[in-house]
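**Student:** generate a structure from the sequence data that follows.
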Amino acid sequence: MPIPENHDPFKRSISHVLEIIGEGWSLLIIREAFFGVHRFEEFQSQLGIARNILTARLKKLCETQILERVPIKEGAKRHEYMLTSKGKELMPVLIALTQWGDRWIFGENAEPVIFMDREHNEPIAKIKVRSARGGDLRPREIMVVPGPGSTPESKKRIEEMHRRLESGVDA
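**Tutor:** Below is the predicted model of the structure:
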């Protein structure tokens, strides 16, 4: 069921993403593809997912160009599912979700997995929001402004947010 769009600018951006990757299994399928799983049977085995659900999720991820369905070899009937450039750009999302879960669910020094820099054999840095100049930003140091695709309704919503923040209501 599609998420309805309304005047909230965040719902416009986030709802489109959730329609693509927000279904329960979709991010797990993408994660497995990052870990080198490419064939239907491998996804099913690794995830324990029902065939019909896996078929539907793979179809949607291909339709939205997160994955690409390619023949195993020239003229083959069997296929593999490979991450597209669009799909590969989800890596920071997966790492951020993993790091958040490790911190808030498992706790420090209890992480189930650690992402490592292959070249230097050391853990990667925590995902952070940074300014264009490279400095770390805290939530209160970030503001939202209308983008080129903003609607009159979303511009009004953003103005309301600014007024509320300036008045100290959400401080």
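**Student:** next, the contact list for Arg69, please.
**Tutor:** By CB atoms under 8 Å, 6 or more residues apart in numbering, the contact list for Arg69 reads 58, 62, 79-81. Bear in mind the C-beta positions are built from the backbone N, C-alpha and C, glycine included.
**Student:** chain center to stretch 77-94: distance?
**Tutor:** Offset of stretch 77-94 from its chain centre (CA atoms, centre = their mean, to the nearest Å): 12 Å.
**Student:** list the buried ones in that stretch?
**Tutor:** The neighbour-count criterion (16 or more other CB atoms under 10 Å) identifies 79-81, 83, 87, 90, 94 as the buried residues of stretch 77-94.
**Student:** so for that stretch, mean pLDDT?
**Tutor:** For stretch 77-94, mean pLDDT is 96.
**Student:** how about residues contacting it?
**Tutor:** 21, 27, 30-31, 33-34, 38-40, 43, 58, 61-62, 65-72, 127.
**Student:** by contact count, what packs against the helix or strand encompassing Ile158?
**Tutor:** Assigning secondary structure by DSSP states H and E places Ile158 in helix 152-166. Other helices and strands packing on helix 152-166, by 3 or more CB pairs under 8 Å, 6 or more residues apart in numbering; DSSP states H and E, are helix 9-21.
**Student:** so which bits of the helix or strand just after the helix it packs on are buried?
**Tutor:** The helix or strand immediately downstream of helix 9-21 is helix 26-34, counting by DSSP H and E. Using 16+ other CB under 10 Å as the test for burial, helix 26-34 gives 26-33.
**Student:** do the same with stretch 36-48
**Tutor:** For stretch 36-48, by 16+ other CB under 10 Å, it's 37-38, 40, 43-44, 47.
**Student:** also stretch 110-126?
**Tutor:** Quick answer for stretch 110-126 (16+ other CB under 10 Å): Glu111.
**Student:** using CSV, write out every CA atom in that stretch.
**Tutor:** Taking Å, rounded to 0.1, in the frame of the first residue of the first chain, the C-alpha atoms of stretch 110-126 are listed here in CSV:
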residue,chain,number,x,y,z
ALA,A,110,29.0,-6.4,22.2
GLU,A,111,28.8,-5.7,18.5
PRO,A,112,27.8,-8.8,16.4
VAL,A,113,29.8,-7.5,13.4
ILE,A,114,32.4,-4.8,12.9
PHE,A,115,33.0,-3.2,9.5
MET,A,116,36.7,-3.1,8.7
ASP,A,117,38.8,-1.1,6.3
ARG,A,118,40.4,-3.9,4.1
GLU,A,119,43.5,-1.9,3.3
HIS,A,120,44.4,-0.8,6.9
ASN,A,121,42.7,-3.7,8.7
GLU,A,122,41.1,-1.4,11.2
PRO,A,123,37.4,-0.7,12.1
ILE,A,124,35.8,2.0,9.9
ALA,A,125,34.7,5.3,11.5
LYS,A,126,31.2,5.7,12.8
